[in-house]
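In: Can you look at this prediction? I've put the sequence above it.
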Amino acid sequence: MPANNRAFNYDLDYRTLNLREQPELYRVGKGEMGVLLVRPYKDEILPHWRFKTPDIARESSEKIYQLFLDYKEKGDFIGMDMARKFLQMGYTRSRRYANHKTGQKYDGPVPNDKKGQSGAHGRDQLPREEDPVKAESARIFYGKYLEAREDDQYKKLKKEWQEKYG
């Protein structure tokens with residue numbers, strides 16, 4: 001169990017763990033924590049996650065939101081939360097590329113002792129170059145992310161999950 005039992009537990013072996021079979025091990029964490037780890041959900045959602053153009057982002061976000069609704073119909077909170085995370089990540093990654101053509105926000109490599117952590121780590125932020133196409137992709141994902149995040153059933157299940165499991 002992580003020190004902060006509300007934090008996502010990165011110590012589990014997610015390559016072999018099926019959280020549909022062992023849901024009690026899932027932790028919501030913050031934001032997008034664990035989005036590319038939690039199976040089988042990652043494997044179900046990731047193939048649909050794309051944001052290169054607004055048309056692609058629209059199709060992707062609608063498919064992922066439909067998965068969110070499918071998980072909701074099954075009462076599968078983890079699936080709902082993972083779909084919400086992918087929608088959020090569609091927004092944040094589209095925004096990153098809208099602001100920085102290469103997707104690189106900071107100048108230079110991440111210091112070796114800071115790999116796997118977010119932040120500037122003393123590096124300068126690169127100048128922004130607004131890409132209106134990626135910005136539109138971000139707007140599309142953000143709308144679907146908000147629909148998922150603000151869903152009453154999702155909010156209820158999230159609260160219950162965090163009270164029960166941390």
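Out: Now that the structure is in, tell me what you want to look at.
In: who touches the residue nearest to S94 when sequence neighbours are not counted in this structure?
Out: Nearest non-adjacent residue to S94, counting by Cβ to Cβ, 6 or more residues apart in numbering: A138, 3.6 Å away. Any C-beta I mention is one placed from the backbone N, CA and C, and that applies to glycine too. Contact partners of A138, counting by Cβ atoms under 8 Å, 6 or more residues apart in numbering, are 51, 57, 90-91, 94-95, 98.
In: ok, and for the helix or strand hosting A138, which residues are buried?
Out: Element membership of A138 [criterion: DSSP states H and E] is helix 132-149. Under the neighbour-count criterion of 16 or more other Cβ atoms under 10 Å, helix 132-149 has 134-138, 140-142, 144-145, 147-148 buried.
In: After it, which helix or strand is next?
Out: Toward the C-terminus from helix 132-149 - assigned by DSSP H and E - lies helix 152-165.
In: same for that following helix, what does it pack against?
Out: Packed against helix 152-165 by the contact rule (3 or more Cβ pairs under 8 Å, 6 or more residues apart in numbering; DSSP states H and E) you find helix 54-73, helix 77-99.
In: what comes into contact with that helix?
Out: With Cβ under 8 Å, 6+ apart as the criterion, helix 152-165 contacts 6, 24, 26-28, 68, 72, 75, 77, 80-81, 84, 148.
In: and it, what's its mean pLDDT?
Out: For helix 152-165, mean pLDDT is 94.
In: Measure how that helix sits relative to helix 77-99, angle-wise.
Out: In terms of direction (axes from the mean of the first three to the mean of the last three Cα atoms, to 10 degrees), helix 152-165 departs from helix 77-99 by 110 degrees.
In: For helix 152-165, list the C-alpha coordinates in CSV.
Out: Once non-C-alpha atoms are left out, helix 152-165 reads as follows in CSV (Å, rounded to 0.1, in the frame of the first residue of the first chain):
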residue,chain,number,x,y,z
ASP,A,152,-23.7,12.0,-11.3
GLN,A,153,-23.4,8.2,-11.2
TYR,A,154,-19.6,8.5,-11.7
LYS,A,155,-19.3,11.0,-8.9
LYS,A,156,-21.3,8.8,-6.5
LEU,A,157,-19.3,5.7,-7.3
LYS,A,158,-16.0,7.5,-7.0
LYS,A,159,-16.9,8.8,-3.6
GLU,A,160,-18.0,5.3,-2.5
TRP,A,161,-14.9,3.8,-3.9
GLN,A,162,-12.6,6.2,-2.2
GLU,A,163,-14.4,5.7,1.1
LYS,A,164,-14.2,1.9,0.8
TYR,A,165,-10.7,1.5,-0.6
